[in-house]
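A.B. asks: take a look and give me a structure for this.
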Amino acid sequence: MHIYLPIAEISVDIFVLLGMGAAVGMLSGLFGVGGGFLMTPLLMFIGVPPAVAVGSGTNQLIATSVTGVIAQWRRRAVDFKMGMVLLAGGVVGSTGGVFLFQFLQGLGRIDLVIGLSYVVFLGGVGGLMFLESLRALLRKRRGVARRGKLHRHTWVHGLPFKMRFHKSRLYVSALLPLTVGAFVGVLAAIMGVGGGFIMVPAMIYLIGMPTSVVAGTSLFQILFVVANVTFMQAWLNQTVDIVLALTLLVGSIVGVQIGARLGGKLPSEQFRVLLAIIVLATAGKLFFDLVAPPSFPFSITETLPQ
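C.D. replies: Alright, predicted model coming up:
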């Protein structure tokens, strides 16, 4: 059964959209990721224009972020002060990113920029995930325990405008979370992702936050940033297809529940490798689409009046 997507201006089988939402939701339940970095490319693969895929895909992240923040708040695992500083940078970055999106759309280059961004970031992150997962598998087979490294101070911790974050037990420059938040905000606007795959490592290794509060604080910032991106995209660029967003949301709600139940029963190391392979395969497909010649080449010639 096909439904018409008014903003995307295409008809798509509703069961395909529900299946995509369920599949990405299941991955979210299994691995604890938002899934936006996979949803947007999948929408592009079925013919949804990249601009609409980015604008509509952020809606799914709002729902998953709300449930995640509530769960982490109940566990008292959210540093709200750090989250507000990250959010300040994220609002600035996402607002500027939406205006950049509009500028690139006017130039007719937004599809290319979205595709290249996904190839670079998915390829890089997927490669790192794959290598780390293989190391974890080898360590487990050899019975070698991983030794955690204490956080070491670097030159970034000498920056001015220091603030004390009691929940994270940190005394660092506010410029660090502001910059991280702004960068992730730009990614959210251009790629339609929450940016957790960039933010979480930055919060741990750059800012030095304890892992116990990283997930909740990241979700807190992502929730409001993607809400801002969704509003700005709908207002300025008219790229949010509500029919598409709601259909994906229904599928993802079901998929998250299935993934959460499976996640506790299956070995995590093997599934991290699987997720890395999925990410690399998606990046490879996007790269192929960028460099492959079109299936139906055309040319423009001038016709002289008779």
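
A.B. asks: where does pLDDT dip in the stretch 151-300 of the chain?
C.D. replies: Where the stretch 151-300 of the chain drops to pLDDT under 70, the residues are 151-157, 194-197, 256, 259-272, 294-300.

A.B. asks: strands of that one, residue ranges please.
C.D. replies: Secondary structure of the stretch 151-300 of the chain (DSSP state E, counting those that start in this stretch): strands at 162-165, 170-173.

A.B. asks: would CSV of those strands with distance to residue 137 and mean neighbour count be doable?
C.D. replies: All C-beta spots, glycine's among them, are computed from the backbone N, C-alpha and C. CSV is the format used below for those (distance: least, C-beta to C-beta, whole Å; neighbours: other C-beta atoms under 10 Å):
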stretch, distance to residue 137, mean neighbour count
strand 162-165, 35, 15
strand 170-173, 33, 18
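
A.B. asks: all helices for this protein, in order.
C.D. replies: 14-31, 36-45, 50-74, 80-107, 110-142, 175-191, 196-201, 211-232, 242-263, 268-291 (DSSP state H).

A.B. asks: just the endpoints, please. Distance across stretch 10-19?
C.D. replies: Criterion C-alpha to C-alpha, to the nearest Å; first-to-last residue distance in stretch 10-19 is 18 Å.

A.B. asks: chain center to that stretch, what's the gap?
C.D. replies: On the basis of C-alpha atoms, centre = their mean, to the nearest Å, stretch 10-19 sits 22 Å off its chain's mean C-alpha point.

A.B. asks: of all the residues in that stretch, which ones are buried?
C.D. replies: Using 16 or more other C-beta atoms under 10 Å as the test for burial, stretch 10-19 gives 10, 12, 17, 18.

A.B. asks: the first one is in contact with residue 44, isn't it?
C.D. replies: Same thing as residue 10. No. If you go by C-beta atoms under 8 Å, residue 10 and residue 44 don't touch, sitting 11.9 Å apart.

A.B. asks: what would the buried residues of stretch 10-19 look like in a markdown table with pLDDT and distance to residue 24?
C.D. replies: Below are the buried residues of stretch 10-19 laid out as a markdown table (pLDDT from 0 to 100; distance: C-beta to C-beta, whole Å):
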| residue | pLDDT | distance to residue 24 |
| --- | --- | --- |
| 10 | 88 | 19 |
| 12 | 89 | 16 |
| 17 | 88 | 11 |
| 18 | 88 | 11 |
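
A.B. asks: in TSV: these, plus distance to residue 129.
C.D. replies: As requested, the buried residues of stretch 10-19 are exported to TSV (distance: C-beta to C-beta, whole Å):
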residue	distance to residue 129
10	32
12	30
17	27
18	27
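
A.B. asks: quick check, nearest of the residues you listed to residue 246?
C.D. replies: residue 17 (9.8 Å; C-beta to C-beta).

A.B. asks: what's the distance between the closest residue to the closest one other than its chain neighbours and residue 254?
C.D. replies: Leaving aside its chain neighbours, residue 17 sits nearest to residue 247 (4.5 Å; criterion: C-beta to C-beta, 6 or more residues apart in numbering). The gap separating residue 247 from residue 254 is 12 Å, by C-beta to C-beta, to the nearest Å.

A.B. asks: which residues do the two both contact?
C.D. replies: Here residue 247 and residue 254 have residue 21 as joint contacts, going by C-beta atoms under 8 Å, 6 or more residues apart in numbering.

A.B. asks: quick check, central residue of the chain?
C.D. replies: residue 193 (2.9 Å; C-alpha atoms, centre = their mean).

A.B. asks: mind checking how far it is from residue 99?
C.D. replies: According to C-beta to C-beta, residue 193 stands 18 Å off from residue 99.

A.B. asks: swap in residue 70?
C.D. replies: 32 Å.

A.B. asks: look up phi and psi at residue 159.
C.D. replies: Backbone geometry at residue 159, expressed as degrees, to the nearest 10, gives phi -70, psi 160.
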